[in-house]
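Undergrad: Sequence first, predicted model second:
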Amino acid sequence: MTLLPRIFTDIKPDNVFNVLMIILCFYIFHFYYKHFTHINPLPGPISIPLIGIFRVNIDFNDQINKLNKIYGHNGIFEFYIAGRRQIVITKAEYAKKFWLHLQKIARFTGRGFQKGLTFNINFNNWKFNRQIYIQSIEKISNSNETIKLLIELFEELSNYWIDINQNNYNSGIIDLTAWTKRFLNDLMFSLSTGKRSFAINYYYRKLKNEKITKNIMDSEHYIECLTYFLLIFELHLFQKFLRRLPLIRYHVDKFIDICNFLFERLLEVVRERREEIEKISNSNNFDMKQLKDNLLTSFIIANTPYESHPQKSVDSSLVKALNNDEISSILFDILSGSTDSVTSAFSFVLYDIAHHPDVKKKLVDEINSVFRDDLSRQITLDDLEKLKYCEAIILETLRIRSPTTNIARYNKEPDEVVGYKWPSNTSFVLHVRGINNNPLYWEDPDKFMPERFFKPQKTDKLYGFLSTSFGAGLRNCPGRKIAIIEIKLLLALIYRRFDIELVDMKAPLEIFPTVMAICKKLEARIIPNNQFKF
Ligand code: HEM
């Protein structure tokens, strides 16, 4: 009998505790041995085995900001999370290398999601999908139809607000974050699938204790799942064996169930639309104009005879129509990428405006000057172009309190970064907030100064890598343009019609501690503007 099995057969029940303690001591010794002898030691906090950094404060993003202040002076530091070493980069010149490459961390997601963009690590497939995506999203970003739809939805929203205000439901208090999230999801669901969802209607009915049908309930359930997906996405940073521990496993299983639910629902919408398109195209008097203009239709007809401008792909073998799984995955990327991110950005903008009365005055003056003739008239894309100060406010909020706090990347092959040689599969964290607020690039970085975006644009090679809330380089956010349009339009619509007073001006922003800074709530009262003709 060899030694190891003998040791185990000799263990008596009352020795089990001692054996466990010995194993634990070995693990701790091994952990710290590796910790203090790993290659390229960098400044950073001492780690706790299994856990990594001690989370004094459960806000993960806030903690990285604090670590950056202590250890990030040279633009690079390290910390451990859940047993995995993370190299944090806080200088744009170092991060640029990663922005210009495609590697991303995609350790686990739910069924099918790797076939879209966000979690896709197959270069050719990603590039092909991205081309189709960019073409389609460009079309809706530059369309007055999108503006019309947003304004229609805002009409519904503001009627609910006025009703709440007049009837003093919930003491007239409106949670702007909760409403915006539902508003944006209704908007993006409609823009991308051509179908309505009823999340703002759900929220209104819930406040008034009115009957809620299954259709309406489904819209709300979808939003809850999207937010949960982001809230526990941090689990993908954990080692595989940690994800199997009972409490963590419960969340991992729930995460997978949610992914499956979201995917199935989208798949159903795609199948339905494909059948509709086939039916229309088989009819005798088929006319292209009968195909409704929405993202889903563009994805279904891409690279089919019904498409007027065929794709140019890197690899000719990839010029093919997208299948249902690929389209559902892309739709998921749109909905998950556009709901909580834009909601949080918009909530942060409202918070900053409320805390800077001089900024608010300039914003309202600009809105009044653009709509001087009639505050109640329709808004067009041209009007939005003229709202330059409004755009500067959005950019400044995104710089100072970006919803994207960190972006994960890894190197597929051994590589040299910041003068160190790293083995493949090293995890890097691009600390977006650290870059956006770095005094090397920004004068008075903590000061809220929208005017800084009016200064002549820098022409140095780093420009475009200094305020990176939307990422940068090859894999930057394709929804950037529509996100800015949505926020700008919402600001114009709100400040033409109402004034907003935060319920508690002294309260700090409430944020969910996760991989993104997700705004929990922003409570306010709305005061109708008498000059607006309702
Ligand atoms: C303020 C709002 C938003 C912020 C802060 C934001 C931020 C980001 C960031 C940081 C990335 C990753 C970039 C990288 O890895 O280098 C990203 C990717 C992405 N975003 Fe956004 N985003 C926003 C709005 C949107 C909207 C409105 C959409 C869709 C309409 C969208 C769709 C996507 C998609 C599909 C990707 C994956 C791109 C790829 O991997 O090729 N995002 N976004």
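TA: Sure thing, it's come through. Numbers count the residues shown, from 1 in each chain.
Undergrad: Tell me the residues of the stretch 251-400 of the chain that contact the ligand?
TA: Taking C-beta under 6 Å from any ligand atom as the contact definition, the stretch 251-400 of the chain meets the ligand at 333, 334, 337, 338, 341, 342, 345. All C-beta spots, glycine's among them, are computed from the backbone N, C-alpha and C.
Undergrad: Now the fourth one: phi and psi?
TA: This points to residue 338. phi -110, psi -10 (degrees, to the nearest 10).
Undergrad: was I right about it contacting residue 481?
TA: No - between residue 338 and residue 481 no contact is recorded; they are 11.8 Å apart, counting by C-beta atoms under 8 Å.
Undergrad: Number of residues surrounding residue 230?
TA: For residue 230, the neighbour count with other C-beta atoms under 10 Å is 19.
Undergrad: which non-adjacent residue is nearest it?
TA: Nearest non-adjacent residue to residue 230, counting by C-beta to C-beta, 6 or more residues apart in numbering: residue 340, 5.5 Å away.
Undergrad: one step back: higher neighbour count, residue 338 and residue 481?
TA: Between residue 338 and residue 481, counting by other C-beta under 10 Å, residue 338 is the more crowded of the two (24 against 15).
Undergrad: got the contact list for that one?
TA: Counting by C-beta atoms under 8 Å, 6 or more residues apart in numbering, residue 338 touches 184, 188, 479, 482, 483.
Undergrad: Surely residue 148 is in a helix?
TA: Yes - the assignment for residue 148 (DSSP: H, G, I helix; E, B strand; the rest coil) places it in a helix.
Undergrad: Report the contact partners of it.
TA: residue 378.
Undergrad: can you list the residues of the stretch 51-200 of the chain near the ligand?
TA: 117, 118, 130, 137.
Undergrad: Now for this structure, the helix or strand with the poorest mean pLDDT.
TA: helix 3-10 (a mean of 60; mean pLDDT, DSSP states H and E).
Undergrad: show me where pLDDT drops low in this structure?
TA: 1-14, 50-59, 102, 104-113, 234, 236-239, 288-290, 308-318, 456-460, 531-534 (pLDDT under 70).
Undergrad: remind me, longest helix of it?
TA: helix 246-282 (DSSP state H).
Undergrad: Now that helix: buried residues?
TA: 252, 255, 258-259, 262-263, 265-267, 269-270, 273-274, 276-277, 281 (16 or more other C-beta atoms under 10 Å).
Undergrad: neighbouring contacts of whichever helix or strand comes after that helix?
TA: Downstream of helix 246-282, the next assigned helix or strand under DSSP states H and E is helix 295-301. Here helix 295-301 makes contact (C-beta under 8 Å, 6+ apart) with 132, 135-137, 139-140, 191-194, 269-270, 273-274, 277, 291, 307, 321-322, 327, 330-331, 334.
Undergrad: Among the residues you listed, name the ones in helices.
TA: Using DSSP H, the contacts of helix 295-301 in helices are 132, 135-137, 139-140, 191-193, 269-270, 273-274, 277, 327, 330-331, 334.
Undergrad: Could you turn the buried ones of those into a PyMOL selection?
TA: Command for PyMOL that selects the buried part of the ones in helices among the contacts of helix 295-301, burial taken from 16+ other C-beta under 10 Å:
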select buried, resi 132+136+137+140+191+192+193+269+270+273+274+277+327+330+331+334
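Undergrad: burial count for residue 449?
TA: The burial count for residue 449: 18, using other C-beta under 10 Å.
Undergrad: hang on, isn't it packed against residue 396?
TA: Yes - counting by C-beta under 8 Å, residue 396 is a contact partner of residue 449 at 6.5 Å.
Undergrad: Residue in the stretch 151-300 of the chain with the shortest distance to the ligand?
TA: residue 188 (6.4 Å; C-beta to the nearest ligand atom).
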